[in-house]
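Peer 1: Predicted coordinates and the sequence they were generated for:
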Amino acid sequence: MGIIAWILIGLIAGAIAKALTPGKDPGGCLVTMLIGIVGGLLGGWLGKVIFGVHSINGFFHLSTWIAAIIGSVIVLFIYRLLTGSRSR
């Protein structure tokens, strides 16, 4: 996949992760995109390590999107833990 596909998946997966997790949403569009891209990479890596499958097959594969969304939720949770303690 090209860089444009990763950015698009990151933006959509990050937005879905923000919608799925309750609480105050950090950052704007750029933070959402970065959370989604890092989450996609994390989800693909976890899928490979835990299940032994190559979960990032292509843009239109369901496994790519599931890995990106699950990874984005994990990254968003970690991001909120790190930034939430500073605002209190």
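Peer 2: Nice, I can see it.

Peer 1: use CA for all of it now, contacts and neighbours both
Peer 2: Noted.

Peer 1: Give me the most central residue, this structure.
Peer 2: Centroid-nearest residue in the chain: S72, 2.2 Å away (criterion: Cα atoms, centre = their mean).

Peer 1: contacting residues around the nearest residue to it once chain neighbours are set aside?
Peer 2: In space, S72 comes closest to G39 once its chain neighbours are excluded; the distance is 3.7 Å by Cα to Cα, 6 or more residues apart in numbering. For G39, the contacting residues are G10, G14, A67, A68, I69, I70, G71, S72, V73, I74, V75, by Cα atoms under 8 Å, 6 or more residues apart in numbering.

Peer 1: what's the helix or strand for G39?
Peer 2: Applying DSSP states H and E as the criterion places G39 in helix 29-46.

Peer 1: K18: how many residues sit nearby?
Peer 2: By the criterion of other Cα atoms under 10 Å, K18 has 22 neighbours.

Peer 1: Which secondary structure state does it sit in?
Peer 2: Of the three states, K18 takes helix under DSSP: H, G, I helix; E, B strand; the rest coil.

Peer 1: tell me which element I7 is part of?
Peer 2: helix 3-20.

Peer 1: contact partners of that helix?
Peer 2: Under Cα under 8 Å, 6+ apart, the answer for helix 3-20 is 25, 29, 32-40, 59, 65, 68-70, 72-73, 76.

Peer 1: For stretch 18-30, measure first residue to last.
Peer 2: End-to-end distance for stretch 18-30: 13 Å, by Cα to Cα, to the nearest Å.

Peer 1: Mean confidence (pLDDT) on it, please.
Peer 2: What stretch 18-30 shows for mean pLDDT is 76.

Peer 1: Now it: buried residues?
Peer 2: Applying a neighbour-count criterion of 16 or more other Cα atoms under 10 Å, one finds K18 buried in stretch 18-30.

Peer 1: how far is that stretch from where the chain is centred?
Peer 2: Mean C-alpha position of stretch 18-30 versus that of the full chain (Cα atoms, centre = their mean, to the nearest Å) differs by 11 Å.

Peer 1: quick one: the biggest helix by length in the chain to chain centroid distance?
Peer 2: Of all segments of type helix in the chain, defined using DSSP state H, the longest is helix 62-87. Relative to its parent chain, helix 62-87 has a centroid offset of 6 Å by Cα atoms, centre = their mean.
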